[in-house]
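# return a 3D structure for these sequence lines:
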Amino acid sequence: MTDVFDRVKAVSATVSLWPDEPSAGSGFSDDLALSAELSSYMVARTQLLTSIRRLRNAAQLVTEDDGWGTHLLMLRPALVLAAKAAWIVRPDRSEERVSRSLGVLLNDQRRGARAMRNAVSQGAIPEFEQVASKFDRSSSNLANLVPLASVDPLGDEKLIHELGSDVNSCYGIDDALSHMQLLWNASSSLAHGETWFPLLSGGLQRRPFAEILTAQSFDAVCSGINTTSLRILQLATTPPAQLHPSTAT
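Numbering: from 1, shown residues only. Have a look, this model is predicted:
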């Protein structure tokens, strides 16, 4: 696990190279020309920086949760956030990146509004309806900023599959997707109150498998963050004509 934690500590290396603003003539600067009010660079950057914070929180929890798998629950949003950032920046076309950025933001705020209203319908304090209305106004303002039809994000599991494919392609490996899928399944199990991971961690014969799962999960998330971070750096510093073709799905 020492090597894994060293990688967690080093995962911000590429992030430190990101410019505060996209370089003139870069791919992201073309995105700003489409919508100066909505920066796909900042949306993708925020998603990935938040992913890194969740990753570090998960690493801290490994030494504190005594085998209950809480670290996997924290790795889950780290993986999803990295996958969303990768989905935003994967296309080469500015229009698609801006539209995807808007889709991620709108989806988040609309889910928040629904959650507040569902709570009120079940007897929560009426003030939650005011929060829902604020989310509605914010999402309406966002939608008016961009003269493009927004693209709804894919389901989280599909986004993770695409991120795993990115990592496999970047590193020339074939197991990143399987590691991400296992993390997804294990964290889903824990979120639903199942206990097979704690049982896996509880015996001398089984514990090595829990440690392997944990190490592979951290490594997969770090790899997803690194490949996405490199793509963000490329789009922030390189003219579109010099970008290597990428597959937009």
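
# and residue 245, what pLDDT?
Note on residue 245: pLDDT of 47.

# helices and strands around the biggest helix by length in the chain, which ones?
Longest among the helix segments of the chain by residue count, using DSSP state H, is helix 207-237. Here helix 207-237 touches helix 2-10, helix 27-34, helix 40-62, helix 70-89, helix 156-171, helix 176-191, helix 196-201, going by 3 or more CB pairs under 8 Å, 6 or more residues apart in numbering; DSSP states H and E. Placement of C-beta: from N, CA and C, glycine included.

# single out the most deeply packed of those.
Neighbour counts (mean count of other CB atoms under 10 Å) averaged over each of the helices and strands packed on helix 207-237 peak at helix 70-89, with a mean of 26.

# contacting residues around the residue sitting nearest the centre point of the chain?
For the chain, the residue nearest the mean C-alpha position is residue 81 (1.3 Å; CA atoms, centre = their mean). Residues in contact with residue 81 (CB atoms under 8 Å, 6 or more residues apart in numbering) are 47-48, 50-51, 54.

# for these, which one is nearest residue 213?
The shortest approach to residue 213 among the contacts of residue 81 belongs to residue 54, at 17.9 Å (CB to CB).

# if we can go back for a sec, quick one: pLDDT of the residue lying closest to the residue nearest to the centre of the chain once chain neighbours are set aside?
Counting by CB to CB, 6 or more residues apart in numbering, residue 81 lies nearest to residue 51, which is 3.7 Å off, once chain neighbours are set aside. Listed pLDDT for residue 51 reads 98.

# begin at 58 from here
Got it, first residue is 58 now, which makes that one residue 108.

# is it true that residue 108 touches residue 143?
No. Look at residue 108 against residue 143 with CB atoms under 8 Å: they stay out of range, at 10.0 Å.

# SS state for residue 159?
Secondary structure state of residue 159, per DSSP: H, G, I helix; E, B strand; the rest coil, is helix.

# look up how far residue 241 lies from it.
26 Å (CB to CB, to the nearest Å).

# cool, and residue 124?
20 Å.

# and the gap between the closest residue to residue 65 other than its chain neighbours and residue 226?
Distance criterion CB to CB, 6+ apart; nearest residue to residue 65, sequence neighbours excluded, is residue 116 at 4.7 Å. Residue 116 is 26 Å from residue 226, where distance means CB to CB.

# any weak-confidence spans in the protein?
Low-confidence segments of the chain, defined by pLDDT under 70: 58-59, 122, 204-207, 261, 301-306.
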